[in-house]
Each structure stands twice: as C-alpha cells, then as structure tokens.
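Student: Mind folding the following:
(one chain, ligands or ions: 3)
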Amino acid sequence: MLCEAACGIAVDLEGGRVTQVRGDRDDPFSRGHVCPKAAAIPDVMADPDRIREPLRRSETGFASVSWKEALAEAAGRLAEIQRRHGRDAVAVYLGNPTAHGHEALLGAALFLRAIGTRARFSAQSVDQLPQSLAAFEMLGHALLLPVPDVDRTAFLLVLGANPLASNGSLMTAPGIAARLEALRARGGQVVVVDPRRTETARLADRHIPIRPGGDAALLLGLLNVVFAEGLARPGRVAAFTDGLDRLEAIARRFPPERVAPRAGIAADAIRDLAREFAGAPSAVCYGRVGVSTQEFGGLASWLIVALNLVTGNLDRPGGAMFTTPAADLVALQARLGSPGGFARYGTRVRGLPEFAGELPAAALAEEIDTPGEGRVRALVTFAGNPVLSTPNGGRLERALGQLDFMVSIDLYRNETTRHAHLILPVAFGLERAQYDLALYALSVRNAARFAPALVDPPPGVRRDWDVLTLLAIALRRRGGGSRRRSIGVALRVARALGPRRLLDFLLRLGPHHLSLAALARSPHGVDLGPLEPRLPGRLHTPDRRIRLVPERLEGDLARLEGALDGPPPAPGRLVLLGRRQLRSNNSWMHNSERLVKGRPAFTLLIHPDDAAARGLTSGGEAVVTSRVGTIRVPVDVSDEMMPGVASLPHGWGHARPGIALGVASAHAGASLNDLTDDERIDALCGTADFAVDVAVEPAR
Ligand SMILES: Nc1nc2c(c(=O)[nH]1)N[C@H]1C(S)=C(S)[C@@H](COP(=O)(O)OP(=O)(O)OC[C@H]3O[C@@H](n4cnc5c(=O)[nH]c(N)nc54)[C@H](O)[C@@H]3O)O[C@H]1N2
Ligand SMILES: Nc1nc2c(c(=O)[nH]1)N[C@H]1C(S)=C(S)[C@@H](COP(=O)(O)OP(=O)(O)OC[C@H]3O[C@@H](n4cnc5c(=O)[nH]c(N)nc54)[C@H](O)[C@@H]3O)O[C@H]1N2
Ligand SMILES: [Mo]
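Tutor: Ligands and ions are numbered 1, 2, ... in the order given. The predicted structure is shown next:
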C-alpha cells in the first residue's frame, strides 16, 4: 500500500471512516509488525490537502473541473501533440507507488502500451535498475531478482542497504529487525558495508566503512580471494552455469591489494571477509540502493550475484533464492512474449541506453529543454515526484515549465504536480483493493494476501486503474497513442473484466492455484512456505543456463580499472550521499503531522574531523554546493560518518512556491536532488549516481 514490507494491518472503522491502523497479529507473515508509516495511512486518506477533484491550472491558479472535461482535455491535448510531433513527443514518468498494488501496476502496464511512446521514464533508473539489469543479463529476466533468505542464512553481508530504516527493499520482509535479531540469536552473523554506521550497522556484528562507489572493487577483491584460496564451490548450479573459468580469470586480475584503495578497505580485511563468507555454512550478499545508484552500480549488482553463485549460495536455503509467487508476473510476461531488452535504442540528446523499454530519468530534463527534432513536449506523471527524486531536480523543474502540456495523476499538488495543466486525483489506502503483485515476487517467504476496499473513496476521486485505462481509451479515440488494434482489444477486455478478475485469473494460472475466493477465506493472508530452489527451471535465458559473465558487464570492467588507478578524492571536497529514515517515505508523506513532529529529520551528517576543518558544529547551518546547485542545511556532527563523506535524506524541499502541502511546508528542509547531478550516472546503464561531490561551508 505504501511500503515494500507489505505488513498486514488491522483497521478500526467508525461510521465509514478509518480511525486507526495497527499491526495485524494474525498475519502469518508480518505477525503484528508495522512501522510508524502504517499509522499515518488514515492521515493521508483524511488529509485536508489531498486533492479531491480534478484540478486545472490557469493564470490565476488551480480550479476544479469535472472528470468528463478533465479526461477529454487531457486525451485531446496529448493526442494532438502526438499527431503533430510524433508519439515520442509525449513522455511518461511512473513513480515508485506504481508498484504498491495490483490495480496501479496492471493499469500502468496497459497505459504504457496504449500511449505507445518510447519516451518512458520511471523511478527504476534512480533505484534498482542495475540490479534488474544484472538479473536480465545473467538469468534472462529483469524480475528474476534473487532474494536473501534472511530467515535461514548463517551469514548476511549487506552492501549499501539500511533495512532498519527502509524496512527492507527487493526483499519483502516485514519485521526485518526481528528477523535480523533471530539470525544473530541462532549464531549467524551480520556484516554491514556502508560509508555510514547506520541503524542496521549498529545491530550488526561488524560494520565496514567503504568509499562511495567502492563496492565493485571490493567484490572483485572478495572473488579474487575465493578463487585464489580454492574456496569456490558453486555446487549444483555449476551444471547449468556458463563462464566459471572466465570469472576466475577476471577475478585473478584483482588481488585485494589492487582494489583496497578504491574500496577504502584494507587488503587484510578483504581477505578475512572473503574467508568468512565462503566458509560459512550458508551466506548471502545483499545489496540495495547504495550499490544501485552509484558510479559502478551495474558492475556491483552483477558481482553480488556472482559472489553468491561461486560460493554455492545461489538458489539454496540460506543463500540468495527465488520466489514462487502466487500471481507470477515473470510467467505472464513470458506468455505475452515480451522478454525485455537493454540498449536497443537510446535517448535523443545523450544516447543513454533503454532498459526494459524505459529511458534513464537522468535524461528527462534534457529531453525536454534541449531544442530540436524529437523534443519531449508533453508529460504524463503517475505516482511520481521527479522534481524531488531525480538528479538535478532544479533543472527538471525549469524544464517542466517549458512543456506544452502536462498531466499528473496523484494525491497531492506537490513540487512536480504543481506544474501540470491538469491533476487527476486518485483513491488511496483503504479506499481500494490491495494485492502486492510486485512485492510477493520478492518476498523472503512465499505468501499472499488480498484485502478488499474497506471504505468508499471521496466522491470526486477515481481509482488509479480507472484513470489510467479511461485516459488510454480516450486518447486512442482522439487519434493519439499506439494505433495497434490488439491494444484496443486489450483495453476493452481489461475494462470489461476489471482488476479484480484479472488478478483472480493470474492467481488461478499461478503455481499455487489460488483464487480470490480462496484468499477471501484467509483475510490475514496465507503462508505459502519458505523459498525453494527454482533453478534451472525458472531461468529465462534462451538456453536456460546462467550467464555468469555477461559480455556487456565484462566490458564495463575497463572503466572500473581506470578508476582503480585513478586519483584519490580531491582534498577539501566531500562526497554527499542519501539516507532513508523510518518516519519518512521518499518525498510524499511529510504532510502527516505524526510523522514529521519531534526531532528534525532533515540534517547533514558529517564526521567530526570534516566539521572541525570547516568550523561547523551541531545545530549550526551549512551551505552545500555542487556543480548544479546550492542548499542550506542544519548540521549534525557525528562519527557514524566516515571521514570525507556526508549524508542527507532525499525527498525534502517543500518550500517551493505553488505547492499545497501545509504540514510539509512547515517542515520544508531542502532537496538533496537540487545538488545531485544529471551528468553523474553509471555510464553502463544511465542510472543516477547519487554520490555527489560537494563543497560544505558554514552558513553566514
Ligand atoms: N538523492 C537521492 N534521490 C533519490 C533516492 C535516493 O536514495 N537519493 N531514492 C530514489 C528512489 S529509490 C526512488 S524509488 C525515487 C522515488 O521517486 P518518485 O517515485 O518520483 O517519488 P516519490 O517520492 O515516491 O513520490 C510518489 C508520488 O506518488 C504519489 N502517490 C502516493 N501514492 C499514490 C497512489 O497510490 N497513486 C498515485 N497515483 N499517486 C500516489 C505521491 O503523492 C507522490 O507525488 O526517488 C529516488 N531519488
Ligand atoms: N522509511 C522509509 N522506508 C523506505 C523508503 C523511505 O523513503 N522511507 N523508501 C523505499 C524505497 S523507494 C527504497 S528503494 C528502499 C531503499 O532501501 P535501502 O537501500 O535499504 O535504503 P537506504 O537508507 O537508502 O540505504 C542505502 C544505504 O547505502 C549507503 N550507501 C550510499 N552509497 C554507497 C556506496 O557507494 N556503497 C555502499 N556500500 N553503501 C552506500 C547509504 O549510506 C545508505 O545507508 O527503501 C524503501 N523504504
Ligand atoms: Mo525506491
């Protein structure tokens, strides 16, 4: 509903209103666990700032319009621009909550096919794209992401993730803190590799600070030791894996001494870690945002899977495993014959590669503001706030002002949607049915739960599914979008069936032969057991074999080798990273008083030596400047940062004019992405590199 942990909730209703949300103790998967964000669901539903009627922007501000008018105008303008300038002149940006329920996910998939543009952008290129790319290149499908079997592993190596704050990501694991404590209680170990001593690092057995972007170097060093000391034991998977010798030859080039400076980790520590990992009864390396949105995200994501594989930990209990989801998107896509792809085409301005039919969000602003043939002239945003979430948000914001037309499908008038000509408001939370179609594909146990809508949405809003499908139909009716007949048929069938019956169909087709009726009998959800070995059957490579050394990833090693021998960080500069916080959800839950009250969340964490060198003290203010912008931030001096690295949460910056977020504006903060740089990407795949080089000075 709003988070990847997919906790079960118990809801108090009074006269058709939700009054309280608590953890559902009878949920077999989440066992009563929730975090503060769940309690804020009613705040969002009842938020006076929430948009409750379609809005049209004019010179004098926003005013309500009817749905009929709004849909006709949106479809008419988009169709006209596509007819005049080509279908790719209309861009789409899908935000993170697209993955928060089956209705939005299925609706968005249909909408994208119908609108027929190549100018598709989403939050994945500021998130997990490199991990999906590694899965696609090695295993044949972008959604075949290996999940750490936290409940059974003996050794969890965490790179660039902070599940105690994020509740776990690409690892649906409600109550992750209790799961990690259980891991340690049964004698297992947790090691966290992160430039910051995070909440998770504090719970762990060991914290190893790493230089930002140093993970691929570290992983090569670990693999080197594994091969050099004869610790490679891929086991069962070797029979259907290609490239073991080749990986060994690569790893031999990277002894710990060579990679140590770039990782910022001593060679001996790398050796020890490799021996412990390979020697553990079971072990799993798990990486998340910190290894994704960085200079070598693709390489690091690949090498994580490789390390798990060569140590015998891929597809075995306690290692990195694959789910058996009750409604299986991988199988559905295979049936629809859409295997996906990488770099089949590129962006107009910089030629950044397509992945799975999408272009990197780091290129969205320049695709709008660079004149010339093929320019993006209109934009549809769905459940996204790219002004606060994509690199160089300031440039994107200026670019949005140059669009001929923009429509946003969202709950709020925020930093992004305020630029729209039309905002189409949607149902939220318990106003709609819920099945975690995407998240059960990534969960640490197989599970399923369906929750029907509990209350009626406000009369002026519609469900995501309806807005997306109705807009798609109206667009085609006006001569816009893809002209393919099959899409018209698909839309009509989908409208006739509705998301509920489509989901039922997916469940019936699925490996557990469930149905909505069956799930209705278990309102707390059903446990479908621990993860089981799924390979080679689950592979989607043409020959059903694992490609341990995909060519394109191997080809990117030269770039890393250049950096290994490159100069150390410039003196006087700091590397600024992001961080997540339990009481915050990307950019969009700061209008809940209960989440933002108390200790200010928006602070710059900086090491005591770096603070002293600049005359900064806790409680003071700093001015932080990068190539693209400057912001002011409150300072929090803390030795949890490694020297040379600072940390600031993203998703803040609610002081922009024209937004309607009363509470958030009173806790505005500033946007980290006014500093991050659209020119800084993982050159392999165009994913944003959110480690930004900054100067920090005391504010005067
Ligand atoms: N510097 C830096 N930047 C980052 C990150 C980082 O770590 N550092 N993290 C990145 C990551 S991982 C992500 S996923 C992105 C997120 O980037 P986005 O997805 O662009 O932004 P969100 O902040 O998640 O905004 C979600 C939007 O959807 C709306 N919304 C919420 N629920 C619904 C719904 O059910 N339906 C509809 N239609 N709208 C809804 C909200 O009002 C809000 O406008 O940010 C990225 N940006
Ligand atoms: N409460 C809350 N929960 C959330 C979200 C939220 O905003 N709030 N957002 C959700 C979303 S969209 C996502 S994608 C997930 C993300 O989930 P996580 O990845 O677990 O979340 P982060 O806190 O961003 O953790 C990233 C860590 O990477 C570290 N890091 C940065 N650069 C590097 C590097 O180069 N190497 C290494 N090794 N580490 C590095 C950072 O210091 C940080 O601790 O969380 C989800 N859950
Ligand atoms: Mo994300």
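Student: To what extent is residue 509 buried, counted in neighbours?
Tutor: Other residues near residue 509 come to 15 when the count uses other Cβ atoms under 10 Å. Glycine gets a C-beta too; all of them are placed from N, C-alpha and C.
Student: Look up how far ligand 2 lies from it.
Tutor: Counting by Cβ to the nearest ligand atom, to the nearest Å, the gap from residue 509 to ligand 2 is 29 Å.
Student: cool, and residue 687?
Tutor: From residue 687 to ligand 2 the distance is 12 Å (Cβ to the nearest ligand atom).
Student: what residues are up against residue 72?
Tutor: Taking Cβ atoms under 8 Å, 6 or more residues apart in numbering, we find residue 72 in contact with residue 474.
Student: State the helix or strand in which it lies.
Tutor: helix 67-85 (DSSP states H and E).
Student: Distance from the chain centre to that helix, please.
Tutor: 30 Å (Cα atoms, centre = their mean, to the nearest Å).
Student: Please apply the same query to stretch 257-276.
Tutor: 29 Å.
Student: pLDDT averaged over it - what is it?
Tutor: Mean pLDDT, stretch 257-276: 98.
Student: End to end on that stretch, go ahead and measure it.
Tutor: Start-to-end span of stretch 257-276 (Cα to Cα, to the nearest Å) is 18 Å.
Student: Hmm, residue 662 and residue 48 touching each other?
Tutor: Yes: at 7.5 Å, residue 48 and residue 662 qualify as touching, with contact defined as Cβ atoms under 8 Å.
Student: Who has more neighbours out of these two?
Tutor: residue 662 (13 against 9).
Student: Do I have it right that that one meets residue 47?
Tutor: No: when contacts are counted by Cβ under 8 Å, residue 662 is not listed as touching residue 47 (9.1 Å).
Student: residues shared between the contacts of these two?
Tutor: Common neighbours of residue 662 and residue 47 (Cβ under 8 Å, 6+ apart) are residue 591.
Student: Rounded mean pLDDT for stretch 111-118, please.
Tutor: pLDDT averaged over stretch 111-118 gives 97.
Student: ok, and what's touching it?
Tutor: 78, 82, 87-92, 94, 120, 345, 354, 357, 359, 380, 382, 468-469, 471-473, 475-476, 480-484, 487, 490-491.
Student: Recalculate using a threshold of 6 Å.
Tutor: Contact with stretch 111-118 is made by 87-88, 90, 468, 472, 481-482, 487, as judged by Cβ atoms under 6 Å, 6 or more residues apart in numbering.
Student: Over to stretch 250-263?
Tutor: Counting by Cβ under 6 Å, 6+ apart, 210, 214, 217-218, 220-221, 223-224, 227, 267, 270-271, 564 sit against stretch 250-263.
Student: change it to 8 Å
Tutor: Contacts for stretch 250-263 (Cβ under 8 Å, 6+ apart): 210-211, 213-215, 217-218, 220-221, 223-228, 266-268, 270-271, 549, 554, 557, 563-564, 566, 568.
Student: same question, stretch 562-577
Tutor: Defining contact as Cβ under 8 Å, 6+ apart, one finds that stretch 562-577 is touched by 195-196, 211-213, 217, 258-259, 261-262, 290, 295-296, 606, 610, 624, 626, 644-648, 672, 675, 690-696.
Student: Same question for stretch 212-219.
Tutor: Applying Cβ under 8 Å, 6+ apart, the set of residues contacting stretch 212-219 is 159-160, 193, 195, 210, 254, 259, 262-265, 270, 285, 287, 290-291, 294-296, 299-300, 303-304, 306-307, 560, 563-564, 575, 577, 645, 689, 691.
Student: give me that answer again for 7 Å
Tutor: 159-160, 193, 195, 210, 259, 262-265, 270, 287, 291, 294-296, 299-300, 303-304, 307, 560, 564, 575, 577, 645, 691 (Cβ atoms under 7 Å, 6 or more residues apart in numbering).
Student: Could you check how far the residue of the chain found nearest ligand 2 is from residue 155?
Tutor: Nearest residue of the chain to ligand 2 (Cβ to the nearest ligand atom) works out as residue 290 at 2.3 Å. Per Cβ to Cβ, to the nearest Å, residue 290 is found 19 Å from residue 155.
Student: Compare those two and say which is more crowded by neighbours.
Tutor: Here residue 290 and residue 155 are set side by side on neighbour count (other Cβ under 10 Å), and the busier one is residue 290, at 28 against 24.
Student: got the contact list for the closest residue to residue 97 other than its chain neighbours?
Tutor: Leaving aside its sequence neighbours, residue 97 sits nearest to residue 383 (Cβ to Cβ, 6 or more residues apart in numbering; 4.0 Å). By Cβ under 7 Å, 6+ apart, the residues touching residue 383 are 94-98, 104, 409-410.
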